[in-house]
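J.: Got a sequence here, can you model it:
(2 chains)
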Amino acid sequence: GAGVSQSPRYKVAKRGQDVALRCDPISGHVSLFWYQQALGQGPEFLTYFQNEAQLDKSGLPSDRFFAERPEGSVSTLKIQRTQQEDSAVYLCASLTGQRRWETQYFGPGTRLLVL
Amino acid sequence: GIQVEQSPPDLILQEGANSTLRCNFSDSVNNLQWFHQNPWGQLINLFYIPSGTKQNGRLSATTVATERYSLLYISSSQTTDSGVYFCAGTYQGAQKLVFGQGTRLTINP
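T.: Just a heads-up that it's a prediction; the model follows:
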């Protein structure tokens, strides 16, 4: 497709389980972002990739959160030993990275519920 | 600090009404943008508006950078305008976005 896709769209996990969330950016987009959106809140930055390099991970809330983009296209956000406070929508966004400023294109998100 | 504040938090209107949404932002925030998040969660960029005024159909936005605020105007509201409207900006010279808390707009038929 032409847009950013994410899978799964919904994920229910038991507390303590590990989860992996996938993001397929728009083809050719160099830059990729992950955001976390808690219920009733605005999205909050988690981490940023330029190609395969993770240039900013200052928003990751704990060392249980890990993101990778090994070939510079698809990215995976992994959450280990999930906790109830991890319940949120996880949004992925991409942009070409070729201009000084450009809009970010967002995926539909993965809604994670930790029981 | 980095602050992006939106008001009102909630707005309920009848179809056909006009609305104004406000965003105040601190002086460390740049590249102000407006997004619409539809009821299914999809975020769509409406305007890139670091200063000045832009219009797109029934929507327009104005940013007064010297006074650190932006306004989003929606005229002749339709039920499809319902959702959450976010303003967001960049900071620290990076492209990561900092979002406000959003304004939830409900347009009743």
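
J.: For the one residue in chain B that gets nearest to chain A, name its beta-bridge partners.
T.: Closest approach between chain B and chain A, counting by Cβ to the nearest Cβ: B:F99, at 3.3 Å. C-beta coordinates here come from the backbone N, C-alpha and C atoms, glycine included. The bridge-partner assignment for B:F99, based on DSSP bridges, gives B:A88.

J.: What's the local residue count around residue 73?
T.: The chain I'm using is chain A. Number of residues near A:S73 (other Cβ atoms under 10 Å in any protein chain shown) recorded here: 18.

J.: Correction: the question concerned chain B.
T.: The criterion is other Cβ under 10 Å. On that basis, B:Y73 has 15 neighbouring residues.

J.: ditto for the one 4 residues further on
T.: Applying the criterion other Cβ under 10 Å, we find 21 residues in the vicinity of B:S77.

J.: repeat for B:V84
T.: As a measure of burial, B:V84 has 21 neighbours, counting by other Cβ under 10 Å.

J.: Go ahead and confirm B:T103 touches B:I12.
T.: No - shown here, B:T103 and B:I12 do not form a contact pair, counting by Cβ atoms under 8 Å, at 11.2 Å.

J.: okay, the two: which has more neighbours?
T.: It is B:T103, of B:T103 and B:I12, that has more neighbours when counted by other Cβ under 10 Å, with 22 against 12.

J.: can you list the residues of chain A near chain B?
T.: Taking Cβ under 8 Å from any Cβ of the partner chain as the criterion, the neighbours of chain B within chain A are A:31, A:33, A:35, A:40-45, A:48, A:56, A:59, A:89, A:91, A:93, A:95, A:101, A:103-106, A:108-109, A:111.

J.: What residues sit buried inside stretch B:42-50?
T.: Neighbour-count burial for stretch B:42-50, counted by 16 or more other Cβ atoms under 10 Å in any protein chain shown, picks out B:Q42, B:L43, B:N45, B:L46, B:F47, B:I49, B:P50.

J.: Let's check: the centremost residue of chain A is which one?
T.: For chain A, A:W34 is the residue whose C-alpha lies nearest the centre (Cα atoms, centre = their mean; 3.3 Å).
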